[in-house]
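K.L.:
Generate coordinates for the sequence data below:
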Amino acid sequence: MSGAHDGRPRWTCDAGTVVGRRDGAVLRASGIRYARAPRFGAPVAEPPAPTVDAARPSPACPQPWDPVFGPVLGDLPHDEDCLRLSVTAPADADGGTRDRLVPVMVWIHGGSYTTGAGDAAIYDPAALVTEQRVVVVSVTYRLGLFGYLSRAGVPANLGLLDQLEALRWVRRNIAAFGGDPGNVTLFGQSAGGDAVAHLMVADGAEGLFRRAIVQSAPLGISRHRAAMSAAMAAEAARLPVDAPTATVVDAQARVAARARRFGLRGAMPFGTQYGHAPLPSEGEIDAAWRRAAPRVDLLVGNTDREAALFLPAVPALERAARVPVAGALVRRAAVAALTRRVYGGPAARFARRHRDAGGHAARYVVRWGPTANPFAGAHTVDLPLLLGTREAWRPFPLVDGATWDEVDAAGRRVRGIWADFARTGRATTASVPGVIDVRPLTSPARRRRKGG
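P.N.:
Numbering: from 1, shown residues only. From the prediction side, this is the model:
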């Protein structure tokens, strides 16, 4: 990294000379194009350029209003040309010598594969970068109808292919920013966690990362989606491929409505599709995850009350939950059952399969949240513990009832666990009361030795 007379940091790498900005204790190179793609086409890696201006955030993929988070994107622009990434590095990161390179953590945002953006303010990685001395890469990719539904002439899994191109960019360029291309950890939450799990077995992903942190992935609804996807594709076929961007976004609700009759799977209608590049068929997916286990260290888990975030969207349950005395029991039972069905049970099975196939695996449960807050322990409550700032999270009810000092204190513990895993690929048993429980899984061979 070098400076210039204007004081802006510069990095010389395969992509060209990247010109970013200094922001307190971190350096930022934002909105870097890693690939280009025609609408509904596969991404093609961006060629080197003499100079890359990296002073503006990545635009978000065009998307509807987020029904859960609302104004999550702030004033980020929307643009189909969104295949960008941003790098946040310690201000003293040194790309000159390999022995001083630091771990790289690549963030894949969530949002049901329909909303969100890598550079949304709630995902600001500055605290993680400065406390833990890591380089964080935040990826923006295609969503919804633009990225995750196959139909005539439109490939499936375009958003996943975008993420693979971003990882290839990281492999080629990240050393210039002080990051170790041989020590890359993917981490993602919700749909982002689901994407990380599937990148573990994606064709072409081998060697692009060593570790995976799968946060609150809805693995319980990721299978047996072919009929639902076909019904959605039939509806989407009515949409001209050259329709205006706003028309595509408006059509997304109509297409998603075709998924309602498919039960819980319809709660996340867009997503990865098996048997389409870069993923194996559904019948081969478990074997693929077993083959990947020895080469990818895994930390996988969930929050303890995931489903609490979604109950307000289920009118019948909300009405039942308001009944005196019995309502609290109904709410508690519904939250526990849905959390176990969609998140907790599948995460535990994912970890056990990984361990039994010879991989290093650890399981965690986040238990944080203000006691009186109905969203304590809910889906996404781990996000303010890892990413974002006081100002970014102020409008959202997840942290209501806690001071930012309390959020930050809990967050430091979680950020430390995540970064230690990124450094070593191992997680030690840890219990931080009211915050998180972490448990490594012992291999069957080791258990037999201990048992004599």
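K.L.:
pLDDT weak spots in the stretch 251-400 of the chain?
P.N.:
Residues of the stretch 251-400 of the chain meeting the criterion pLDDT under 70: 312-327.
K.L.:
Show me the helices in it, by range?
P.N.:
285-292, 315-321, 326-339, 345-356, 383-386, 390-393 (DSSP state H, counting those that start in this stretch).
K.L.:
Can you verify my assumption that residue 348 contacts residue 364?
P.N.:
No. Assessed by CB atoms under 8 Å, residue 348 is found out of contact with residue 364, at 11.0 Å. Every residue, glycine included, has its C-beta placed from N, CA and C.
K.L.:
Between those two, tell me which one has more neighbours.
P.N.:
Between residue 348 and residue 364, counting by other CB atoms under 10 Å, residue 364 is the more crowded of the two (25 against 18).
K.L.:
re earlier: how about the helices of the stretch 251-400 of the chain in TSV, adding distance to residue 57?
P.N.:
Output for the helices of the stretch 251-400 of the chain, formatted as TSV (distance: least, CB to CB, whole Å):
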stretch	distance to residue 57
helix 285-292	33
helix 315-321	36
helix 326-339	33
helix 345-356	32
helix 383-386	18
helix 390-393	13
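K.L.:
how about these, which one is nearest residue 434?
P.N.:
Nearest to residue 434, of all those, is helix 383-386, at 11.8 Å by CB to CB.
K.L.:
Output the helix or strand containing residue 104 as PDB, nothing but the C-alphas.
P.N.:
For residue 104, the host element (DSSP states H and E) is strand 102-108. Extracted in PDB, the C-alpha atoms of strand 102-108 (Å, rounded to 0.1, in the frame of the first residue of the first chain):
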ATOM      1  CA  VAL A 102      -3.600 -11.100   8.200                       C
ATOM      2  CA  PRO A 103      -6.600 -13.400   8.000                       C
ATOM      3  CA  VAL A 104      -9.300 -12.500   5.400                       C
ATOM      4  CA  MET A 105     -13.000 -12.700   6.200                       C
ATOM      5  CA  VAL A 106     -15.400 -12.500   3.300                       C
ATOM      6  CA  TRP A 107     -19.000 -11.300   4.200                       C
ATOM      7  CA  ILE A 108     -22.000 -12.700   2.300                       C
END
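K.L.:
Which secondary structure elements does it sit against?
P.N.:
Where contact means 3 or more CB pairs under 8 Å, 6 or more residues apart in numbering; DSSP states H and E, strand 102-108 is packed against strand 135-139, helix 158-173, strand 179-189, helix 191-199, helix 404-424.
K.L.:
Need those in TSV (columns: mean neighbour count).
P.N.:
Below are the helices and strands packed on strand 102-108 laid out as TSV (neighbours: other CB atoms under 10 Å):
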stretch	mean neighbour count
strand 135-139	28
helix 158-173	24
strand 179-189	23
helix 191-199	27
helix 404-424	19
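K.L.:
could those be laid out in CSV, adding mean pLDDT?
P.N.:
Shown next, in CSV, are these (pLDDT from 0 to 100):
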stretch, mean pLDDT
strand 135-139, 98
helix 158-173, 98
strand 179-189, 98
helix 191-199, 98
helix 404-424, 97
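K.L.:
what's the closest of these to residue 373?
P.N.:
Closest to residue 373 of those is helix 404-424 (CB to CB; 11.7 Å).
K.L.:
so how far is the closest one off the chain centroid?
P.N.:
Centre-to-centre, helix 404-424 and its host chain are 17 Å apart (CA atoms, centre = their mean, to the nearest Å).
K.L.:
Other residues contacting that helix?
P.N.:
Helix 404-424 is touched from outside by 103-105, 127-128, 131-134, 183, 185, 187, 211, 213, 297, 299, 362, 364, 366, 368, 382, 384-386, 390, 393, 399, 426-428, 430, 432, 434-436, 438, with contacts defined as CB atoms under 8 Å, 6 or more residues apart in numbering.
K.L.:
same thing but at 7 Å, please
P.N.:
Outside helix 404-424, the residues within contact range by CB atoms under 7 Å, 6 or more residues apart in numbering are 103, 105, 127-128, 131-132, 134, 185, 187, 211, 213, 299, 368, 382, 384-386, 390, 399, 427, 430, 432, 435-436, 438.
K.L.:
okay, that helix in PDB with CA atoms only?
P.N.:
Presented in PDB, the C-alpha positions along helix 404-424 are these (Å, rounded to 0.1, in the frame of the first residue of the first chain):
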ATOM      1  CA  TRP A 404     -24.700   0.500  23.100                       C
ATOM      2  CA  ASP A 405     -22.000  -0.200  25.700                       C
ATOM      3  CA  GLU A 406     -23.800  -3.400  26.500                       C
ATOM      4  CA  VAL A 407     -24.200  -4.300  22.900                       C
ATOM      5  CA  ASP A 408     -20.500  -3.600  22.300                       C
ATOM      6  CA  ALA A 409     -19.400  -5.600  25.300                       C
ATOM      7  CA  ALA A 410     -21.300  -8.700  24.100                       C
ATOM      8  CA  GLY A 411     -20.100  -8.000  20.600                       C
ATOM      9  CA  ARG A 412     -16.400  -8.000  21.500                       C
ATOM     10  CA  ARG A 413     -16.800 -11.500  22.800                       C
ATOM     11  CA  VAL A 414     -18.500 -12.700  19.700                       C
ATOM     12  CA  ARG A 415     -16.100 -10.900  17.300                       C
ATOM     13  CA  GLY A 416     -13.200 -12.400  19.200                       C
ATOM     14  CA  ILE A 417     -14.600 -16.000  18.700                       C
ATOM     15  CA  TRP A 418     -15.300 -15.400  15.000                       C
ATOM     16  CA  ALA A 419     -11.800 -13.900  14.400                       C
ATOM     17  CA  ASP A 420     -10.000 -16.700  16.400                       C
ATOM     18  CA  PHE A 421     -11.800 -19.200  14.200                       C
ATOM     19  CA  ALA A 422     -10.700 -17.300  11.100                       C
ATOM     20  CA  ARG A 423      -7.100 -17.300  12.400                       C
ATOM     21  CA  THR A 424      -6.900 -21.000  13.400                       C
END
